[in-house]
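# Okay, here's the prediction I keep looking at, along with the sequence it came from:
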Amino acid sequence: MKKTTQLRKMLEAREPLVMVGAYDAISAILIQRAGFKAIQCSGFGIAASLLGKPDVGLLSYGEMLDQTRKIVQAVDVPVMADGDTGFGTAVNVYRTVQEFEAISAAGVNLEDQVFPKRCGHLEGKEIVPVEEMVGKIEAAKAARTDPDFIINARTDAIAVSGIDEAIRRGNAYAEAGADLVFVEAPRTAEQIRRIVSEIKAPISINLFDGVVGGKTPVMPIEELRKLRVARVSIPVGTAFAAVKGMEEYLKAIAAQGGVAPGREDLVVSFDYWKELVGFQDVREIEKRFLPQDRFHQKYGPR
């Protein structure tokens, strides 16, 4: 089954589908290993990992496309791309969808912020007129060649114009052809209930699970399942966890003036790392295709 079809079926089930944010190939591999059935590319995490900069529209289209390609190639589960605002007008959206589909992404997020956009949980957001975003969604729908490729229309209207406008926009985007409607940063559980009940489309909710400072209340997945939410994205936790882990490791070795004996709890083993990134797969390819005398010279007779 195509990955686009897999993703569509999981979204239609409204279980909900939990999609953790990946910012590079290793984070994507670990998400898959943890048992998650699909992955969301995190523009927030990609901006931080590639540029060391905040998610305020600094990441270029080419950088996002290239990093998404690496993530898609690293895993076997469906991956949704982060298309930001589409990187321009409806013309840019048309190409954005074509290119993300060409690298085998299973879908793309497109948002109604004014460019340069910013993280949905930051202040100072602006949104484009609803008619402009409707045109972008129609362009995205026209550009895709696979009807199962998911167009996820995000609105940041709550922070700018309130919940009623967010619901109005969500319905307009669904009517324009969005397969999924992502209402960013609802402030209360009641707002989430209204979004799900009043927008005539599958709904995506964004949670900052375990992270202090997000605007959306962290609701139990079981409660979101009862509401029939289609997707729950957890976009930034992997990046925050990686920073926390590296800080703890660096503090330990700085205190020792170098390596930190006895702190194996802070790192994975070298054997685990080799297995994680596929050294054995490389050796199998070498064994299959290198001249045998050269292979044995490299690794010995076994």
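Cool, got the structure. Fair warning: this is a prediction, and the values are worked out from it, not measured in the lab.

# ranges for the helices of the chain?
3-13, 25-33, 43-51, 61-74, 90-102, 130-143, 157-161, 163-176, 189-198, 221-226, 237-256, 270-277, 279-289, 292-299 (DSSP state H).

# Using CSV, lay out these together with mean neighbour count and mean pLDDT.
(Each C-beta comes from the backbone N, C-alpha and C, glycine too.) Formatted as CSV, these follow (neighbours: other CB atoms under 10 Å; pLDDT from 0 to 100):
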stretch, mean neighbour count, mean pLDDT
helix 3-13, 18, 97
helix 25-33, 19, 98
helix 43-51, 21, 96
helix 61-74, 18, 98
helix 90-102, 19, 98
helix 130-143, 20, 98
helix 157-161, 20, 93
helix 163-176, 20, 98
helix 189-198, 17, 94
helix 221-226, 13, 92
helix 237-256, 14, 94
helix 270-277, 12, 96
helix 279-289, 11, 94
helix 292-299, 11, 89
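
# what's in contact with stretch 52-63?
With contact meaning CB atoms under 8 Å, 6 or more residues apart in numbering, stretch 52-63 is reached by 43-44, 46-48, 50-51, 84-85, 87, 92, 96, 115-119, 122.

# Please compute how far it lies from its chain's middle.
Here stretch 52-63 is found 14 Å from its chain centre; the criterion is CA atoms, centre = their mean, to the nearest Å.

# Span of it from start to end?
This stretch, stretch 52-63, spans 13 Å end to end (CA to CA, to the nearest Å).

# Equivalent analysis for stretch 116-124, please.
Distance between the two ends of stretch 116-124: 11 Å, counting by CA to CA.

# Domains in the chain, by residue range?
Annotated domains of the chain cover 3-235, 268-299 [automatic domain parsing].

# OK, contacts around residue 160?
125, 126, 127.

# May I see the PyMOL selection of the buried members of those?
Burial among the contacts of residue 160 is assessed by 16 or more other CB atoms under 10 Å; the matching PyMOL selection reads:
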select buried, resi 125+127
